[in-house]
Structures are given as C-alpha cells and as structure tokens.
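Engineer: I would like the atomic coordinates for the input below:
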Amino acid sequence: MTALITGASAGIGASYAKQLAASGTDLVLVARDAVRLETLANELKAKHSVQVEVLPADLANRGQLEKVCTRAAQSDIDLVVNNAGFGIKQPFVGGTIEAEQNLLDVLVIAVMRITHAALPGMLQRDRGGVINVSSVAGWMSSGTYSSAKAWVTSFSEALATLHKESNVHVMALCPGYTRTEFHARANMETETIPNCMWLDVDAAVAKSLKDFKNGKVISVPGMQYKFLSLVAQYLPRPIVRKLSVASRR
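Structural biologist: Presented below is the predicted three-dimensional model:
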C-alpha cells in the first residue's frame, strides 16, 4: 500500500506520514519545503523500513500541481491525503486578491484536481480512498477559509455518496484547533483560546484513520468539537452567523 500525502512536512500531514509508515505503508510526501521532506523521509525509512518518495511542489502553481496529479493517478497509490493548507489573516474587502486566490488554489482547486486524478484508477481497481482534511470552520461563516472548508466537506460527502457501492472510500476530517504550526504561520492570535479546545495532532490523526477504516464519511475528533459541529449544523443559520461574528471579536 502507498499513500500520497500533501502538506506532509509538518503538523497533521507529518502525523499522517508517521502513523501510516508505522503501519507499514509506503509514502509519497508532498510539500513546498524539500529539506524538511527529505529529513522526514530519512527518519521514516530508517525507523520503519518503508519506501518514502519525496515530491516537492507548491500546489498553488498549476504546473507543479499537475506533477502531483500525475503521481496520484498511478496504480500504486491506494490512499490520498489532501492535507495541504494555510490560513490568511486579512479581511476580504481590503485584503489582496492574490492571497485569496492562493488560498482557493491550495484549499479547493488542488483538492479537486488531485482527487479527480486519483479516483478513476482506484474505482477501476475497486480499492483505495481519499481523506480530505477539512475543518469544523466549514460549518461556520467566518471568512473565506471557512467557505473553502465548507466546499471540502461537501465535496467529500458527495463523492462518498456517489461511490458508496464501491470499495473506494472518501472521508472528510474536520478538526478544530489543533496544536501544529498552522496558527503561528498565519500570525493568528491564540492566547485567548482555552486549553480544553486544543486537540493533540497525533490523537486527531489516529481517530481519523480509525474512522476511515470504519467507513465514516466525516470524522470529527474531540468530544468538544463533536458537540460544536452538531450545534453548528442544526442551529438555524441566522444564529450560526451571529455566533460566527461573536467568535471573531
């Protein structure tokens, strides 16, 4: 079995790489930082005796993205983890359109194109699957990041439903605040977030792999986020909008 993981150099992606390698899965690691990828690859090969291929790529660059799509379409790929992502700290009005386009390219376009490349072969072989890393933010209305994640969750649900009779499974992982580099890279303030709202990255990934194996369409790690996601999904949308505004103050 071989898994292709985007955003694999740190955080959730690196945790997927480590846990899948520990289970004997060969890997194709994708990220912009070639040095960090090589370091992780060498560590996993030495520790777990698995094959690890490094594929440096900026998924916002269409030419580099197509190289990843070509690799995802090859017959040895049994699992794709679309994890690459980032946040931007700017208002939509007053912010740069370049930042918004870059966000959309990585969070939506890359997920769509890589999945589109990988699924036909998986369906033909009748095995494999895709895990798309989304967010509980997708059920809120808190900017273009949450809008992009709403698309990822809905996209995953649609594919899971369309191919439910096959042995190919698609799942969305929807975590809340997770202890990774994500927030620091986006220059986001996190001091006011209660400790009880933070997820351990390895526990979140382990839960998602268990849920994927059990055929769940959406994986929400952490009881606090299971509750909040249910509230966000079933409350009237005007109330959700008010809560989303209040959470940004």
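
Engineer: what pLDDT is listed against Ile190?
Structural biologist: One correction, residue 190 is Thr, not Ile. Here the pLDDT value assigned to Thr190 is 64.

Engineer: on the three-state scheme, Ala117 is what?
Structural biologist: helix (DSSP: H, G, I helix; E, B strand; the rest coil).

Engineer: give me the nearest residue to it, chain neighbours excluded.
Structural biologist: Spatial nearest neighbour of Ala117, excluding adjacent residues (C-beta to C-beta, 6 or more residues apart in numbering): Cys69 at 3.8 Å. Backbone N, C-alpha and C define where each C-beta goes, glycine included.

Engineer: so that neighbour is in which element?
Structural biologist: Secondary structure from DSSP states H and E places Cys69 in helix 62-72.

Engineer: partner residues bridging Thr6?
Structural biologist: Note on Thr6: beta-bridge partners by DSSP bridges are Val30.

Engineer: now Pro175. Its backbone dihedrals?
Structural biologist: phi -80, psi 170 (degrees, to the nearest 10).

Engineer: tell me how far it lies from Leu27.
Structural biologist: 21 Å (C-beta to C-beta, to the nearest Å).

Engineer: neighbour-wise, which of those two wins?
Structural biologist: Leu27 (28 against 23; other C-beta atoms under 10 Å).

Engineer: what's the per-residue pLDDT of the more buried one here?
Structural biologist: Leu27 is assigned 98 on the pLDDT scale.

Engineer: now for it: which residues touch it?
Structural biologist: Listed by C-beta atoms under 8 Å, 6 or more residues apart in numbering, the contact set of Leu27 reads 2-5, 8, 17, 20-21, 41, 44, 50-53.
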